[in-house]
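**Student:** Quick one, structure for this:
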Amino acid sequence: MSAAGYRWAREAGRVAAPAALLWLAMLQGGAYTQAAGATAQADAQPGPGTGTEATLDRVAAMVNGDLILESDLDAEERFTAFQPFSEAQQATREELLNRLIDRTLILQQMALQPEAPISDAEVDEQLAMLRKSIPKCAAYHCETEAGWEKFVADQGFTLEEVRDRWRQRMEVLRFIEERFRMGIRISQAEIDEYYKTTMLPAYQKENAPAPPEATIADRIQEILLQQQVDKLLDDWLATLRAQGSVRILKPGEEAP
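**Tutor:** Predicted coordinates for the structure are as follows:
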């Protein structure tokens, strides 16, 4: 996941996770199938008793031997319905694919340093708050079990799939926070500089009185922390791509 994805996830995390979390764009756990194990491009065969052909699931990218399938891209797009704050515009296929590539790289690194899984109780707590934060959920009455199940089904998922994907999202956020955020220190001088050069001009532009620096110092510190984490994460992901084997297949190109 790119830094942009991280920001989304942390922002979404505010509905249920500690305030320290910000963006992580829909952390769907795609079907990252090991290359040596499953054939994603098997010949289409008629569905049992239907007389119709099964949909061919093609490989979209290969990341250090792991496959990203076209069905993963579809799921990534559909899962955006579960983000509390809608994106300004729908992500392009290229953006979705790069998001999945970055996430796959992170998951591969996580596998090298396994941690205890996020507990069911923590996942349930976040999902309970998420149900209250999705605007589209209001019409479904997602506060009820039946309403939530209907909303989930209409997005093409099962309740268990959503729980698994959200758990993975939380685990990736935890990994990023522990790897990049903990060692960062923001000085008072940096807060003062941001207030003078960014915050004050922004309020002046709106002809609004700026709040005293002391009242928003914590928020400024959070912004500066986020910026540094974003930079570290982007640099790290670029290094992983350069050192690994990432191949994006063109439409119609067959996987080796």
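
**Student:** can you pull out the helices in the chain?
**Tutor:** 3-13, 70-79, 93-112, 120-131, 145-154, 159-176, 188-194, 200-205, 213-243 (DSSP state H).

**Student:** can you give me the angle the fourth one makes with helix 145-154?
**Tutor:** The one in question is helix 120-131. 80 degrees (axes from the mean of the first three to the mean of the last three C-alpha atoms, to 10 degrees).

**Student:** and helix 120-131, how far from the chain's centre?
**Tutor:** Offset of helix 120-131 from its chain centre (C-alpha atoms, centre = their mean, to the nearest Å): 16 Å.

**Student:** same question, stretch 94-108
**Tutor:** Relative to its chain's centre, stretch 94-108 lies at 9 Å (C-alpha atoms, centre = their mean).

**Student:** how about the CA coordinates for it, as PDB?
**Tutor:** Provided in PDB are the C-alpha atoms of stretch 94-108 (Å, rounded to 0.1, in the frame of the first residue of the first chain):
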ATOM      1  CA  GLU A  94      -3.800   1.200 -12.400                       C
ATOM      2  CA  GLU A  95      -4.300   2.800  -9.000                       C
ATOM      3  CA  LEU A  96      -6.100  -0.300  -7.700                       C
ATOM      4  CA  LEU A  97      -3.400  -2.600  -9.000                       C
ATOM      5  CA  ASN A  98      -0.500  -0.500  -7.500                       C
ATOM      6  CA  ARG A  99      -2.400  -0.500  -4.200                       C
ATOM      7  CA  LEU A 100      -2.600  -4.300  -4.300                       C
ATOM      8  CA  ILE A 101       1.100  -4.600  -5.300                       C
ATOM      9  CA  ASP A 102       2.200  -2.400  -2.400                       C
ATOM     10  CA  ARG A 103       0.000  -4.300   0.000                       C
ATOM     11  CA  THR A 104       1.300  -7.700  -1.200                       C
ATOM     12  CA  LEU A 105       4.900  -6.400  -0.600                       C
ATOM     13  CA  ILE A 106       3.900  -5.400   2.900                       C
ATOM     14  CA  LEU A 107       2.200  -8.700   3.600                       C
ATOM     15  CA  GLN A 108       5.300 -10.500   2.400                       C
END
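
**Student:** Identify each buried residue in it, please.
**Tutor:** 95-108 (16 or more other C-beta atoms under 10 Å). Quick note: C-beta positions are derived from backbone N, CA and C, even for glycine.

**Student:** quick check, nearest of those to residue 174?
**Tutor:** residue 106 (11.3 Å; C-beta to C-beta).

**Student:** show me what contacts residue 247?
**Tutor:** 61-62 (C-beta atoms under 8 Å, 6 or more residues apart in numbering).

**Student:** That one pairs with what?
**Tutor:** Counting by DSSP bridges, residue 247 forms beta bridges with residue 62.

**Student:** what's the pLDDT at it?
**Tutor:** As predicted, residue 247 sits at a pLDDT of 96.

**Student:** any idea how far it lies from residue 241?
**Tutor:** Using C-beta to C-beta, to the nearest Å, residue 247 is found at 11 Å from residue 241.

**Student:** Over to residue 145?
**Tutor:** For residue 145, the distance to residue 241 - C-beta to C-beta - is 42 Å.

**Student:** That concludes my questions; thank you for your assistance.
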